[in-house]
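A.B. asks: one predicted model, sequence on top.
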Amino acid sequence: MAVETPVKPNTKLFSDDYVAWAEETARFIREGLWDEIDREILLEEVHGLASVPRMECDNRLSVLICHLLKWRYQGERRGNSWRRTIQAQRVSLRKLLRRSPTLRAEFDSAVTDAFPVGRLKALNEMNAPDERIPEEPVFTAEQVLDDNYYPE
């Protein structure tokens, strides 16, 4: 006969009020009350923390790629707004990569992975047919971060 482990109040709080659960779990850690913590939930949440900077990197890359594509394929509409968006995304990406060397090591593949989303965004914003922009990446990771690179 299997012995059921009683549900800890902290576990129930996780499903009822995430913020309260996080604050209580932090208090338990601070006070060394390890037996009060549902270790499986805490493990999943800590593991999930890694996805936050990855998602930010992906989002910033897709916006940057979108604007670089518009710069290249819709040159007649270039302006300061696009330039500033490109500059801002580059600055934010470099900061993110400095804080997370793991993301820097994965950056080449992140650019490749973000290209299809950036391409779709650009096509939508340009109201252009699919054939207007190639499906394969047209920028390298170095070009994406290079402050002096604006595709012609």
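C.D. replies: That came in fine, so what should we check first?
A.B. asks: contacts and neighbour counts: CA atoms only from here.
C.D. replies: Will do.
A.B. asks: by mean pLDDT, which helix or strand of this structure comes out lowest?
C.D. replies: helix 9-16 (a mean of 83; mean pLDDT, DSSP states H and E).
A.B. asks: list the buried residues in that helix.
C.D. replies: Asn10, Thr11, Phe14 (16 or more other CA atoms under 10 Å).
A.B. asks: contact partners of whichever helix or strand comes after that helix?
C.D. replies: As assigned by DSSP states H and E, the chain's next helix or strand after helix 9-16 is helix 18-31. With contacts defined as CA atoms under 8 Å, 6 or more residues apart in numbering, helix 18-31 is touched by Asn10, Thr11, Leu13, Phe14, Trp34, Glu36, Ile37.
A.B. asks: stretch 113-132: how far from the chain's middle?
C.D. replies: Its chain's C-alpha centre and that of stretch 113-132 lie 19 Å apart, by CA atoms, centre = their mean, to the nearest Å.
A.B. asks: again with stretch 133-142
C.D. replies: The answer for stretch 133-142 is 19 Å, by CA atoms, centre = their mean.
A.B. asks: for it, what is the average pLDDT?
C.D. replies: Averaging pLDDT along stretch 133-142 gives 97.
A.B. asks: contacts for it?
C.D. replies: Taking CA under 8 Å, 6+ apart as the rule, stretch 133-142 contacts Leu69, Tyr73, Phe107, Asp108, Val111, Thr112, Phe115, Pro116, Arg119, Leu123.
A.B. asks: how long is that stretch end to end?
C.D. replies: Terminal residues of stretch 133-142 are spaced 20 Å apart (CA to CA, to the nearest Å).
A.B. asks: against which helices or strands is the longest helix along the chain packed?
C.D. replies: As assigned by DSSP state H, the longest helix anywhere in the chain is helix 51-73. Here helix 51-73 touches helix 80-99, helix 107-126, going by 3 or more CA pairs under 8 Å, 6 or more residues apart in numbering; DSSP states H and E.
A.B. asks: in PyMOL, how would I select the buried members of the contacts of stretch 133-142?
C.D. replies: The following PyMOL line selects those of the contacts of stretch 133-142 that are buried, judged by 16+ other CA under 10 Å:
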select buried, resi 69+73+107+111+112+115+116+119+123
